[in-house]
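> sequence plus the predicted model coming up.
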Amino acid sequence: MQDEKRTGRLSAPLDELIPQSWIGRDLPPIIRDGVEYFLLGHKGDLFLVPNRCPHRGGSLKFGYINARDEIVCPMHHNAFSVSRLIARPTTLKLKTATQ
Ligand code: FES
């Protein structure tokens, strides 16, 4: 890290340093069939993920994505792999313009 500050060079390719996912936390609630979802972007795809933490139901929408591409729940700070969350049958993949 010190070298990065001194030289201005990164120690890894930029795409390895930036999480590949993002949460649409500023969007209004998305309700479908009585379930609240949040928008999740992952590697260019969009998903609706139930806004309930698998642990005890915290609002994942207000968590954050860490450097390992996990969503960290704001309630008890457990981290959940984005890949595993989007693979769950309750997650909905949205069609994009390129599909
Ligand atoms: S409710 Fe999310 S970590 Fe406990």
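Alright, I've got the coordinates.
> get me the contact residues on the chain for the ligand.
The chain comes close to the ligand at residues 53, 55-58, 73, 75-76, 78, as judged by C-beta under 6 Å from any ligand atom. Heads up, the C-betas are built off the backbone N, CA and C, glycines and all.
> which of these are buried?
With burial judged by 16 or more other C-beta atoms under 10 Å, the buried subset of the residues of the chain next to the ligand is 53, 58, 73.
> could you export these as CSV, including distance to residue 47?
Output for these, formatted as CSV (distance: C-beta to C-beta, whole Å):
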residue, distance to residue 47
53, 16
58, 18
73, 17
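> can you redo the residues of the chain next to the ligand as TSV with secondary structure?
As requested, these are exported to TSV (DSSP: H, G, I helix; E, B strand; the rest coil):
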residue	secondary structure
53	coil
55	coil
56	coil
57	coil
58	coil
73	coil
75	coil
76	coil
78	coil
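> the residue lying closest to residue 83 once chain neighbours are set aside - how many residues pack around it?
Spatially, and ignoring its direct neighbours in sequence, residue 83 is nearest to residue 69 (7.3 Å; C-beta to C-beta, 6 or more residues apart in numbering). Around residue 69 there are 16 other residues, counting by other C-beta atoms under 10 Å.
> how near is residue 69 to residue 47?
13 Å (C-beta to C-beta, to the nearest Å).
> and stretch 28-38, C-alpha only, in CSV?
This file holds the C-alpha atoms of stretch 28-38, laid out as CSV (Å, rounded to 0.1, in the frame of the first residue of the first chain):
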residue,chain,number,x,y,z
PRO,A,28,-37.3,3.2,-3.7
PRO,A,29,-38.5,-0.2,-2.3
ILE,A,30,-39.2,-2.8,-4.9
ILE,A,31,-42.2,-5.0,-3.9
ARG,A,32,-43.2,-8.0,-5.9
ASP,A,33,-45.9,-10.5,-4.6
GLY,A,34,-45.5,-9.0,-1.2
VAL,A,35,-41.8,-9.5,-1.0
GLU,A,36,-39.4,-6.6,-0.8
TYR,A,37,-36.4,-6.8,-3.1
PHE,A,38,-33.3,-4.7,-3.8
